[in-house]
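In: A structural model of the following input is requested.
(one chain, ligands or ions: 1)
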Amino acid sequence: KNHVCDHEAPISDEERVKLSPDIRDRMVKALEFKTISVEDGMEDIYSNEFVKFWHYIYEQYPRIFSSEDPDVQVDRIEFENGKETIVVIIEGTDRTLKPGLFISHADVVPAIRKEWTHDPFKPFVTEDFVQARGAYDCKSILMAQLEALHALLLNGEKPPRKTYFLFPHDEEVGGFGAQEAAKIFRERYNIQSDGFAFIIDEGMPPIRNGLPGVTKPLLTIGYTAKGYLTVELTVNYAKVGHASIPEKESSITILSDALSRINANPQPNQFGKSIEVEMMEGLVPYLPWTIKPVIANLWLFRPLVALAANFDKQMNAFFRTTSAITIFNAGYKSNVIPIQARAVVNHRIHPGQTISQVLEHLERVIDDDRVLITQEEGALEADKVTPRDSLYGRKIVHSLNRTIKDIIAIPGIFLAACDARWLQDFSDHIFRFYPFVMEKEDLPGIHGREEKLRWQSYEDGINFYLDFFRHMDENDLPPGHTEL
Ligand SMILES: CCCCCCCCCCCCCCCCCC(=O)N[C@@H](Cc1ccccc1)C(=O)O
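Out: Sure, this is the predicted structure:
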């Protein structure tokens with residue numbers, strides 16, 4: 001089925017929230033707060049920035065945070081380090097409907113000043129974009145949702161269903177805020193398994209020129225998310241001595257060989273085991289004529305398409321478990337051969353594979369007893385898959401089409417992880433995406449340098465949330481509208 005209706009009417013000019021100087025300024029100021037999450041073991045000096053950030057947010061959106069309205073409730077989940085995960089609850093007009101949940105984290109990854117052209121916490125603003133750490137991941141969503149909700153409430157409206165907003169403080173370092181919130185949802189709010197109609201979290205960005213021949217912004221909404229597994233590889237090789245008479249092997253050469261073998265023997269291709277086939281089929285109407293016949297006839301060309309994983313890093317990430325060598329250390333002096341070498345490999349597990357299958361493959365490929373493989377804590381299987389025909393998925397696409405010009409939105413796999421993984425038990429309908437179009441060259445900004453949010457995309461994203469808040473009831477779309 002075609003998933004996008006070209007005749008989907010955009011929202012009217014009167015309905016559309018325009019990007020006023022106030023909305024811009026609120027976003028720019030929000031980016032100045034260093035709500036940085038640091039890795040375990042590193043000094044964390046940022047707690048007060050979180051306090052100041054939330055104080056600022058409370059001031060900017062009084063209709064939400066200092067409201068006399070009994071239908072608006074704010075809950076603060078406090079943590080030992082002084083940081084807080086915030087929950088906002090808005091009563092809906094129809095109390096018979098299951099609630100919906102929106103998640104957006106307030107923390108950001110660190111940024112190294114000298115790698116950026118401007119200070120990452122002194123936003124660089126142009127007519128077209130704002131550049132700062134967190135501009136995309138994930139203050140864009142947090143601020144856009146607050147703008148949309150505030151506009152809705154100021155307009156005297158309420159969403160059709162009870163709506164929860166969860167703003168965790170530590171998604172970038174493990175998600176304890178979301179895990180604690182899951183307990184509170186159960187114990188304090190009495191929300192049980194399958195208690196949310198849907199959950200919406202960060203995920204894939206819509207990318208213009210994202211695939212060869214596809215110029216329109218393409219968004220693969222995460223109907224599932226990859227799992228992850230981090231392993232430490234250690235070699236302790238005792239035959240050491242003076243660097244002037246080296247042995248043929250050392251801990252470093254043994255570990256390097258193991259890493260080369262991991263690189264040369266990727267985890268098996270899983271094309272066809274999860275939702276990536278539907279993703280490819282959904283793309284068909286938008287592909288250039290050169291590729292279209294191949295993707296439109298997967299019954300014939302499936303093996304050929306699977307091969308794309310060998311040549312394209314994005315297809316590779318969609319079709320198989322990836323292995324990224326992220327840490328490597330050994331040695332401490334130029335004329336001493338070290339006993340120990342250590343590396344860390346981060347796997348993103350395709351839904352077609354399990355953690356133990358990934359480990360088996362790894363052991364088989366390394367095939368060297370001298371390399372000790374240790375699994376780091378916190379490994380997780382891939383998320384479950386949202387039903388492809390989900391009404392909420394169709395409503396999301398409907399609102400995306402109404403608010404973002406030319407967007408192509410199809411179901412797919414979220415290649416990273418987000419806080420929704422801690423709340424999976426609460427809903428079968430989980431969607432992971434950003435509603436802010438980016439250019440392909442903006443992508444490395446996420447967790448990298450010169451992170452950007454384009455103003456037009458921000459305006460569109462605010463309107464997406466506002467439109468979805470208004471229409472997230474149980475009524476089906478009229479026939480002929482978005483079909484996934
Ligand atoms: C058909 C279209 C082709 C375009 C494909 C382009 C691929 C783009 C991939 C972009 C990924 C963007 C991800 C943004 C959100 C990042 C969320 C995140 O970083 N989460 C962490 C969570 C985590 C996990 C484990 C420990 C700590 C944190 C992550 O590393 O996954």
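In: Does the residue in the chain positioned nearest to the ligand fall in a helix, a strand, or a coil region?
Out: When scored by C-beta to the nearest ligand atom, the chain has residue 416 as its residue closest to the ligand, at 3.3 Å. The way it works is simple: take the backbone N, C-alpha and C, and place the C-beta from them, glycine included. Under DSSP: H, G, I helix; E, B strand; the rest coil, residue 416 falls in the coil class.
In: What does it show for phi and psi?
Out: When read as degrees, to the nearest 10, the backbone of residue 416 gives phi -110, psi -160.
In: what's the distance between it and residue 141?
Out: 14 Å (C-beta to C-beta, to the nearest Å).
In: what's the answer for residue 118, then?
Out: Residue 118 is 23 Å from residue 141, by C-beta to C-beta.
In: The two: who's more crowded?
Out: residue 141 (25 against 13; other C-beta atoms under 10 Å).
In: For the helix or strand that one falls within, buried residues please.
Out: Using DSSP states H and E, residue 141 sits within helix 139-154. Within helix 139-154, the residues that count as buried by 16 or more other C-beta atoms under 10 Å are 139-153.
In: packing partners for the very next helix or strand once past it?
Out: Under the assignment DSSP H and E, the closest C-terminal helix or strand after helix 139-154 is strand 163-167. On a contact count with 3 or more C-beta pairs under 8 Å, 6 or more residues apart in numbering; DSSP states H and E, strand 163-167 meets strand 84-90, strand 100-103, helix 139-154, helix 176-187.
In: For those, give me CSV that also has mean pLDDT and distance to the ligand.
Out: Listed next are those as CSV, based on pLDDT from 0 to 100; distance: least, C-beta to the nearest ligand atom, whole Å:
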stretch, mean pLDDT, distance to the ligand
strand 84-90, 98, 15
strand 100-103, 98, 12
helix 139-154, 98, 10
helix 176-187, 98, 11
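In: hang on, the earlier thing: report the angle between the axes of the helix holding residue 141 and strand 84-90?
Out: Helix 139-154 and strand 84-90 are oriented at 30 degrees to each other (axes from the mean of the first three to the mean of the last three C-alpha atoms, to 10 degrees).
In: Would you agree residue 58 falls within a strand?
Out: No - with three-state DSSP as the criterion, residue 58 is helix rather than part of a strand.
In: Residue numbers of this structure in contact with the ligand?
Out: 137, 172-174, 202, 204, 207, 210-211, 218, 220, 228, 314, 415-418, 443, 446 (C-beta under 6 Å from any ligand atom).
In: Sort out for me which of these are in helices.
Out: residue 314 (DSSP state H).
In: which of the residues of the chain next to the ligand are buried?
Out: Using 16+ other C-beta under 10 Å, the buried members of those are 137, 172-174, 202, 204, 207, 210-211, 218, 220, 228, 415-418, 446.
In: mind listing what the spatially most central residue of the chain touches?
Out: Centroid check for the chain by C-alpha atoms, centre = their mean gives residue 203 as the closest residue, at 3.1 Å. Listed by C-beta atoms under 8 Å, 6 or more residues apart in numbering, the contact partners of residue 203 are 221, 222, 225, 414, 418, 431, 432, 433, 434.
In: For it, give me the pLDDT.
Out: If you check residue 203, the pLDDT there is 98.
In: just residue 58 next, same as before
Out: Reported pLDDT for residue 58: 98.
In: Look up how far residue 390 lies from it.
Out: 34 Å.
In: and what of residue 371?
Out: Taken as C-beta to C-beta, the span from residue 371 to residue 390 is 44 Å.
In: looking at it, residue 153 is touching residue 65, isn't it?
Out: No - the criterion here is C-beta atoms under 8 Å, and residue 153 misses it with residue 65 at 11.0 Å.
In: any shared contact partners between those two?
Out: By C-beta under 8 Å, 6+ apart, no residue touches both residue 153 and residue 65.
In: Nearest spatial neighbour of residue 449, chain-adjacent residues omitted?
Out: Nearest residue to residue 449, sequence neighbours excluded (C-beta to C-beta, 6 or more residues apart in numbering): residue 115, at 4.6 Å.
In: coming back round to it: and the helix holding residue 141, what other elements does it pack with?
Out: Looks like helix 139-154 contacts helix 21-30, helix 62-65, strand 84-90, strand 163-167, helix 455-471 (3+ C-beta pairs under 8 Å, 6+ apart).
In: Just put those in a markdown table and tack on mean neighbour count.
Out: A markdown table is the format used below for the helices and strands packed on helix 139-154 (neighbours: other C-beta atoms under 10 Å):
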| stretch | mean neighbour count |
| --- | --- |
| helix 21-30 | 16 |
| helix 62-65 | 16 |
| strand 84-90 | 22 |
| strand 163-167 | 24 |
| helix 455-471 | 23 |
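In: can you list the ones you listed in TSV and add distance to residue 478?
Out: Below are the helices and strands packed on helix 139-154 laid out as TSV (distance: least, C-beta to C-beta, whole Å):
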stretch	distance to residue 478
helix 21-30	32
helix 62-65	32
strand 84-90	27
strand 163-167	24
helix 455-471	12
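In: and of these, who's closest to residue 103?
Out: strand 163-167 (4.7 Å; C-beta to C-beta).
In: Can you give the distance from stretch 234-253 to the centre of its chain?
Out: Computed by C-alpha atoms, centre = their mean, to the nearest Å, the separation of stretch 234-253 from the middle of its chain amounts to 42 Å.
In: Other residues contacting that stretch?
Out: With contact meaning C-beta under 8 Å, 6+ apart, stretch 234-253 is reached by 254-255, 258, 330-331, 334-342, 370-372, 374.
In: let's go with 10 Å and repeat that
Out: 254-258, 328, 330-331, 333-343, 368, 370-374 (C-beta atoms under 10 Å, 6 or more residues apart in numbering).
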